[in-house]
Structure formats: C-alpha cells, structure tokens
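predicted model and sequence follow; I will ask about them next.
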Amino acid sequence: MSSIGRGSEADSQLLDHDSPQLESIRGSTYLTEQPPVPLNDPYYHDTNGLVDGDVITEADEADIEDGEPNIPFIFLLTILVSFSGFLFGYDTGYISDALIATGTDLGHEITPRDKELITSATSFGAFLGAIIAGTLADILGRKWVTLGANILFILGALVQAASHSVEAMIEGRFIMGWGVGIASLVAPLYISEMAPGRYRGRLVIINLIAVTGGQVIAYILGAVLGHQWRVLVGLGCFPALVQLIVFIFMPETPRFLIRSNKIEKAKKVIRSIYSGRAGPVEEHLVDKKVKLLLEFNHEEHGDISRVQRLGVELREIFGIPAYFRSLLIACGLQAIQQVCGFNSMMYFSATLFEMVGFKDPALVALIIASTNMLFTVVAFNLIDKVGRRRILLYTLWVMAIMLVFTGIAISHVLADIAADPDSPSPWAKIVIVTMIGYVAFYAIGIGNVPWQQSELFPMSVRGVGTSMATATNWGLNLIVSGTFLTLMQKIKPGGTFVLYAIMCLTGEALVYFFYPETSYLTLEDIQGLFQDGFGVERSIALSGEAKRRYYMSLAHPDEPESL
Ligand SMILES: O[C@H]1[C@H](O)[C@@H](O)[C@H](O)[C@@H](O)[C@H]1O
C-alpha cells in the first residue's frame, strides 16, 4: 500500500488500514464494512483527508495537512484563547488566599459554612454554564460565547471586589462561575477546531498549562498582596478585558463558519491557518478542506433546525450504545478527577496549612499550585508516549497512598498542636511532602487526561457529549469543595483523606476495567473500540502495535510503511 502521508507521522502510520496485522488485532471488520460513526468527521479528515470508501488516488495524496501550517499564527491564537484557561485557573485559585484575608471585611469573621458557600458558588455557576456552553457555542459561535464569558468574568470580579457581605461575595462568585464553566468548555473546543490535526493534543494541553499557571499566579499574588484581597480579586478583570478586546478581532473556527454557511469566511481562516513558511496554501487544497467540512455538516443531521438538532443529538448519545459508552467514559474520567479531592487542597490549602500551624500558609499553598503546573508540563511530554490509560493506572494508586499518609500526618500535627500549641510539630513537614507527592501524581494523570474528552466522541454528538462531561466535572467539584470543611469536622482529617484515597482506588479499578488506551489511535479507531463493549483489550493491542509502527517509522523514515 502506498504511503498516505497525511497528518502526523503517527497518524499516517496508522492509516495503513490494509495491514493484515492491524486488521487481525482489530478483530472486527467495521473499518471496512460498517463505519459506526460519521467517518466524514472533520477531526478525522484533519488527520487523513479521506472519506471512508474513497479510492486512494494520487490526487488524494495531496492534503492540506501535508504542508507546514502557519505555526506562529496558530500558536498566537492558542495563547490568546488560553487566556480563558488562565482566568479559569486564576479565579478558582485566588479564593484560597482571599478566604483567609477577608477577616471581618464581609461584615463578620467568616465561618467554615460561609467559606464553603463562597467557594462552591463558583462551581455551581460553572456547572450551569457548562450545561449550556456546548449548545450556546453551536448557536452563537465559539468567538461570541468566549466574549460573553469575559463579560461574566469582569462582572463577577467587580461584584466581589466591591462586596461588604458574604451574600454579595457569593453573588459575585456565582456570576464569575458561569464564565468559568463556559470558558472551560469553549477554549479547548476553539483550539481543537482551529488546530491542524497533528498539533491538536498538545495545543489543547497549552490551555491546561494556562489553567494551572493561573492558579500559580493567583497564589503568588495572594502571598504578595496579603490582606488586600479586593485587589487580588479585581486584578482578574485585566486578562478578561484584554481577551474581550482581542477576541473582537479573532476569527471564528472554520467548522462553525461552515455550519453557519459562511463559506468565504471559512476559506479565509483556512488559508490563514495553512499558509506557512512555504507560501500560500494551494487553492484546491482549501476547496478540498471546505468540501469535506461541508459534506460533514450536511450529513451530520441534514438540514434541520438547531433545536431539532439538539434533540437528535440527545437521543443519539443516550440511544446508541457505542455513543453512550463514550459518554460514560468521558463523564467517568471527569468524575474521578473531582472526587479524588484535589480541589479541596487547591481551594482550601491556605486554610489547611494555617490549621497545621504554618506561619505563612499562603506561601506553602503556592508550592502546591506550582507543583500542579510543573507536572502538567511534564504530562504534556508524557501523555502520548506513555499513554492515557497507562498513565492513570500508574498514578491513581500512588495518589491514594499519598492521601493516606497526608491524613495520618495531619492528625498527628493536630494532636501535637493540642498538646503544646507553641512548639512546631515534626509531622508538619510530612504533610507538605505527601501533599506535594499527591499533587504531582494528580497533575501527571487524572488532572489532565479527562480534558482530552473530545477524542472520545464522534463529531455528531461532540458538543452535547463534552457539555455533559464538563458539567459532571463542575457538578462534582461543587459537591467536593462544598463538603470538605464539613467532612474535616465530622470525620476528621484522617477520615476525609482516607475517603479521597478510596475514591482514587475506585478510579484505578474503573480505569483498569473500562478505559481503553487511546494513544496513537485515530479517532475512528477509538470509536470502533466502543462498538461492542469498552474494547480495553483490543485497544491495548491496537495502541501498542500502532506505537511500535510509529517508532519503527522514525527509525527508518525512508522505508515503506507496510509491514
Ligand atoms: O484539570 C484541571 C486542573 O487540574 C486544575 O488544577 C483543577 O483545579 C481543575 O479542577 C481541573 O479540572
């Protein structure tokens, strides 16, 4: 078979569908006989440019993805969109310090219940925002929804900064929460629809680095600003304002433009993305890309209204077993990410460290946020090499052990402080070390893998599927952050951390039995896995084989790819 040569090197290796080895590993003929999903999915085309059933001709060999795209342009777009990620991180990050710094500024010394309400108001808003975000983005466009999220960020920050009561603070956090929920879905969506196939995964992770970076900056400013919590909150307006202005001039994604029948505008964006150093992209390649997107858009659900389309999508995602399995996996991963308790440390770390007697708890909390960011960068380099499933299996159980040690150490610190409030407990250092260990393993695995959610869904239900998965994230975030301080009182730190450890181990078991390995697989391969079950065993064989072939191709770039 000739080398198809599209997308990333890995992708092009994977496209050797005729390989007897791969066919036997797949153990199913769906790829050639009964495509389970709309194979004219632009995500799929982005990496290979072929419609299932097409005969591969020389002309097909030329694909827009073969050329060198306009990297500076794409990178700039990603950075500008990642302001949304930054705001998501900043606005969820500063609350830890602000809660300590408010003192009696909100009318009285805030109680643990107030703290929980203030913190969870954002998660509740985000939960509601996530539910409507996918549909809103399909109706208004990714660009205008991002602009709207920025207005919510600014409004929420202003209400909080001006608040003199717990109620006003909660209102401000709630308004901001809507922005956070919407942005957490739309930013990765915008990036993935703009990015050429071979850069998509990494570009999406850049947004996540911005999330964790935003949390770090919030902690640094929290430590620097001390009691000036109003400044800390108000500063969040600036990135939102910058993005608000910049986004007016940003392009819509080609997919949305095609959806809205704005073909010329879509072509213009495609030209900007794919005209790299080698010069302007050839017009017939632009036409080919547009044709594929159009074809997909038409065939997705035909010419039906947006409301009808939503109804069809909902029926499909719950009614088609393969789609429903994708949904279970996407929501399940987001659920594990939240119930493992990470955000309890993130939102309450300053409170937690104050409780165990640290002189400068905000500074210690900064270490937690920095570890999260640093190891998200590590994950960026590991996610494809090690594989999503394997990375989770390696990290979740370690997180559980770290949590148990943290619980034990905190209990000892509290007992030591009760016995002698003036002398520091030797266990305090263990709390820091085990918490750092926990956060590092979180960031490498479950902190980022669930955000690769869009790869699990076929195009036709991607919007509604990612909305549900994102809402699962925020819904559980709400429950976990809203109950942490109560849990600490009722079942003590020991019980609380053991509970989170049990969640990690449950997550480990669920991943082991149900989550297939998706690294190195094309999107159509991933969909095929869910045809009759979760395809775990098949995925391991497929992914391993694909990875081996990829590395072989790197070692012998000139050899023909067929085995
Ligand atoms: O992936 C992100 C990241 O791990 C953040 O640090 C965390 O606060 C979010 O809840 C999570 O969704």
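Structure's in. What do you need?

can you tell me the helix or strand for the nearest residue to R142 once chain neighbours are set aside?
In space, R142 comes closest to Y190 once its chain neighbours are excluded; the distance is 4.5 Å by CB to CB, 6 or more residues apart in numbering. Glycine gets a C-beta too; all of them are placed from N, C-alpha and C. Secondary structure assignment for Y190, by DSSP states H and E: helix 166-194.

up against the ligand, what does the stretch 401-550 of the chain have?
Contact residues (CB under 6 Å from any ligand atom) of the stretch 401-550 of the chain with the ligand: G447, N448, W451, N473, N477.

where does this structure get nearest to the ligand, which residue?
G447 (3.7 Å; CB to the nearest ligand atom).

who's in contact with that residue?
G447 makes contact with L208, T212, Q337, F342, N372, F375, T376, A379, according to CB atoms under 8 Å, 6 or more residues apart in numbering.

which positions in the next helix or strand after the helix holding Y190 come out as buried?
Downstream of helix 166-194, the next assigned helix or strand under DSSP H and E is helix 200-225. For helix 200-225, the neighbour count (16 or more other CB atoms under 10 Å) marks 200-201, 203-223, 225 as buried.

and the chain, which residues reach the ligand?
Counting by CB under 6 Å from any ligand atom, the chain sits next to the ligand at 92, 208, 211-212, 215, 337, 343, 346, 372, 447-448, 451, 473, 477.

5 Å instead, please
Contacts of the chain with the ligand, taken as CB under 5 Å from any ligand atom, map to M346, G447.

residue ranges with poor pLDDT in the chain?
Along the chain, segments meeting pLDDT under 70 span 1-63, 65-66, 197-198, 201, 296-304, 523-524, 553-554, 556-563.

show me the strands in it, by range?
Taking DSSP state E as the test, none of the chain falls into strands.

select the longest helix from it.
Identified as the longest helix of the chain according to DSSP state H is helix 388-419.

from the chain's centroid, how far away is that one?
Chain-centre distance of helix 388-419: 25 Å, with CA atoms, centre = their mean, to the nearest Å.

what's the answer for stretch 93-107, then?
Counting by CA atoms, centre = their mean, stretch 93-107 is centred 28 Å from the centre of its parent chain.

can you check stretch 135-154 too?
Its chain's average C-alpha position is 18 Å from that of stretch 135-154, according to CA atoms, centre = their mean.

neighbouring contacts of that stretch?
81, 84, 87, 91, 129, 133, 175-176, 178-180, 182-183, 185-187, 189-190, 193, 236-237, 240-241, 243-244, 247-248, 250-253, 256, 259-260, 306, 309-310, 463-464, 467.

what subset of those is buried?
For these, buried by 16+ other CB under 10 Å: 81, 84, 87, 91, 129, 133, 175-176, 178-180, 182-183, 185-187, 189-190, 193, 236-237, 240, 243-244, 247, 250-253, 256, 259-260, 309-310, 463-464, 467.

for L352, which non-adjacent residue is spatially closest?
Nearest residue to L352 in three dimensions, chain neighbours excluded: M345, at 6.9 Å (CB to CB, 6+ apart).

state the distance from the one you found to K288.
For M345, the distance to K288 (CB to CB, to the nearest Å) stands at 49 Å.

the more surrounded of the two?
M345 (24 against 18; other CB atoms under 10 Å).

thought that one was touching V439?
Yes: M345 lies in contact with V439 (CB atoms under 8 Å); the separation is 6.8 Å.

which parts of the stretch 401-550 of the chain are helices?
427-444, 462-490, 492-514, 523-529, 536-555 (DSSP state H, counting those that start in this stretch).

and for L499, the neighbour number?
16.

angle of the helix holding Y190 against helix 462-490?
For helix 166-194 against helix 462-490, the angle by axes from the mean of the first three to the mean of the last three CA atoms, to 10 degrees is 140 degrees.

OK, contacts around I410?
By CB under 8 Å, 6+ apart, the contact set of I410 is L352, M355, V356, W427, V431, P493, G494, F497.

are any of these buried, and if so which?
Buried by 16+ other CB under 10 Å: L352, M355, V356, W427, V431, P493, G494, F497, out of the contacts of I410.

show me the contacts for V413.
Going by CB under 8 Å, 6+ apart, the list of residues near V413 reads V356, G357, S425, W427, A428, V431.

then L241?
N150, I154.

re the thing from before, including distance to L529, could the contacts of V413 go into a markdown table?
Shown next, in a markdown table, are the contacts of V413 (distance: CB to CB, whole Å):
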| residue | distance to L529 |
| --- | --- |
| V356 | 45 |
| G357 | 50 |
| S425 | 50 |
| W427 | 46 |
| A428 | 47 |
| V431 | 41 |
